[in-house]
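[1] Predicted model, plus sequence, below.
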Amino acid sequence: SQQGEEDPQALSIQEGENATMNCSYKTSINNLQWYRQNSGRGLVHLILIRSNEREKHSGRLRVTLDTSKKSSSLLITASRAADTASYFCATDVVRSSASKIIFGSGTRLSIRP
Amino acid sequence: KAGVTQTPRYLIKTRGQQVTLSCSPISGHRSVSWYQQTPGQGLQFLFEYFSETQRNKGNFPGRFSGRQFSNSRSEMNVSTLELGDSALYLCASSLEGHNYEQYFGPGTRLTVT
């Protein structure tokens, strides 16, 4: 199975509500990144959180990282129609002499007007 | 700054042929990574090039290869195409690699018939 598993696979909420997506992974990481992908703008980087950080904010986005539980969450507050997209977590996996980015399968977020 | 550009955007090839995809990173970025995205396997890391050297590699067969030129532009080659190679191929550039924000291009949609 994937290193990064997003949960839920799909999420539909009302505009203005908050959306929370979770990502779990299996092995030690250097950092974890969240990306958004929609048909209009392709794959866009949202936030990078390093393994020694616990929380980061960017505008309406809040990301937490719990390395003891090997999990991360992405919170989008006050959702808008433009937030409709697929959201992926990507882990930079620790290797002896190299690193490898592994993407999760994604959460499809739909914002209802 | 201009974004990451990929050419061609769409490509149709026949089984057994080979194909070369091109990626021009953001000016000043030295790292270029390639990914394959399919509905079944999701986003998978192919390889990363940094300063003309392959620095990291995913779990793809030797039919998939790449190179990076002195101006950081990168090419990816797939030889002896198989039907399963049909996918969206994404290129991403970053300043120094996976520990930094990656900027993705729009992708090349490859269809193998």
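    Okay, I see it.
[2] Show me which residues of chain A are close to chain B?
    Counting by C-beta under 8 Å from any C-beta of the partner chain, chain A comes close to chain B at A:2, A:30-31, A:33, A:35, A:42-45, A:48, A:50, A:88, A:90, A:92, A:98-106. Every residue, glycine included, has its C-beta placed from N, CA and C.
[3] ChimeraX command for the buried members of those?
    In ChimeraX, a selection of the buried entries from the residues of chain A next to chain B looks like this (16 or more other C-beta atoms under 10 Å in any protein chain shown):
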select /A:2,30,31,33,35,42,43,45,48,88,90,92,99,100,101,102,103,104,105,106
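[4] give the contact list for the residue positioned nearest the centre of chain B.
    Ranked by distance to the mean C-alpha position of chain B (C-alpha atoms, centre = their mean), the top residue is B:Trp34 at 3.3 Å. Applying C-beta atoms under 8 Å, 6 or more residues apart in numbering or on different chains to B:Trp34 gives the contacts B:Cys23, B:Phe45, B:Leu46, B:Phe47, B:Glu48, B:Gly66, B:Ser74, B:Met76, B:Tyr89, B:Leu90, B:Cys91, B:Ala92.
[5] near chain A, which of the residues you listed show up?
    Contacts with chain A within those, counted by C-beta under 8 Å from any C-beta: B:Phe45, B:Leu90, B:Ala92.
[6] now, among the residues you listed, which is nearest to B:Arg15?
    Nearest to B:Arg15 out of the ones next to chain A among the contacts of B:Trp34 is B:Leu90 (C-beta to C-beta; 22.7 Å).
[7] And that closest one, how close does it get to B:Thr53?
    According to C-beta to C-beta, to the nearest Å, B:Leu90 stands 21 Å off from B:Thr53.
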